[in-house]
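J.: Got a sequence here, can you build the structure:
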Amino acid sequence: MIPDFSDIFSRYEALVAEVDVLFDRVAAQHPECVTCEKGCSDCCHALFDLTLVEAMYLNARFRENFGDGPVRSSIVTRANEADRRSYKLKRQAYKDSQAGVDTRTILENMARQRLRCPLLGTDEQCEMYAHRPITCRLYGIPTAIGGKAHTCGKANFAKGVAYPTVHMDKIQDRLIALSQEIADRVNSRFKELSGVFVPVSMALLTVYDAQYLGIPTPKKESRK
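T.: Coordinates of the predicted model:
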């Protein structure tokens, strides 16, 4: 039986609300630099993965919001296509690693890849905007991962100028902690479950059932 994760999802939503406040604060302080606007989908072509809690949350909201119908079918079709391409890109990255290419070069190559999000509709609008992942919410302002700064290529933040920066490592730590809570709650037999990262496409396609989560099967009582 799958446990109730609503309390964990609520804490994830609280983190999302904090992230939105951070974005709005930077946008208010530097409106000339933040160029996000309706119809811009540059961030919807970025290649990134979701933590377990983000993936399961997105999956749950996807199932709640889309029953059987043409919109769901279109999203699933796009997710399958995106998942195949994502797999090929990651496989190439692995081959490069095995060939001795340094990690920084591999990551830079991956960052240059363009992969259309399966949730991006034909009108260039997100089909699940209210439930979009944290990475999507912070794309237009300066962020830092492992001490390395990043910003949207369409933004007007000038190089060499100090701006408020969101440290993604701290947010990632909180996401992994929530993911660990999920793993602990199901008493997963998979020790690395909380550290599983998947792209949006796989998050939408995956069935997060007892088998996937590694929930132990109850032992049958032996007859005496």
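
J.: now the protein, which segments are flagged as low pLDDT?
T.: 220-224 (pLDDT under 70).

J.: Give me the most central residue, it.
T.: residue 50 (3.0 Å; C-alpha atoms, centre = their mean).

J.: so that one makes contact with residue 198?
T.: Yes: between residue 50 and residue 198 there is a contact at 5.9 Å, judged by C-beta atoms under 8 Å. For every residue, glycine as well, the C-beta is placed using N, CA and C.

J.: show me what contacts residue 197?
T.: Contact partners of residue 197, counting by C-beta atoms under 8 Å, 6 or more residues apart in numbering, are 49-52.

J.: Just give me the closest of those to residue 177.
T.: residue 51 (9.7 Å; C-beta to C-beta).

J.: how close does the closest one sit to residue 64?
T.: 20 Å (C-beta to C-beta, to the nearest Å).

J.: so residue 203 touches residue 54, yeah?
T.: Yes: contact between residue 203 and residue 54 holds when scored by C-beta under 8 Å: they sit 7.4 Å apart.

J.: Helices along this structure, start to end?
T.: 6-29, 52-65, 70-98, 103-111, 134-138, 168-185, 200-205, 210-213 (DSSP state H).

J.: Highest mean neighbour count out of those helices?
T.: Stretch with highest mean neighbour count among the helices of the chain: helix 200-205 (a mean of 24; mean count of other C-beta atoms under 10 Å).

J.: Can I get stretch 179-190 in CSV, CA atoms only?
T.: Provided in CSV are the C-alpha atoms of stretch 179-190 (Å, rounded to 0.1, in the frame of the first residue of the first chain):
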residue,chain,number,x,y,z
SER,A,179,13.1,12.9,-0.8
GLN,A,180,14.7,11.0,2.1
GLU,A,181,11.5,11.4,4.1
ILE,A,182,9.6,9.6,1.3
ALA,A,183,12.1,6.8,1.2
ASP,A,184,12.0,6.5,5.0
ARG,A,185,8.2,6.5,5.1
VAL,A,186,7.9,3.6,2.6
ASN,A,187,10.8,1.8,4.3
SER,A,188,12.2,1.4,0.8
ARG,A,189,14.6,-1.5,0.2
PHE,A,190,16.4,0.7,-2.3
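
J.: Understood, closing this out.
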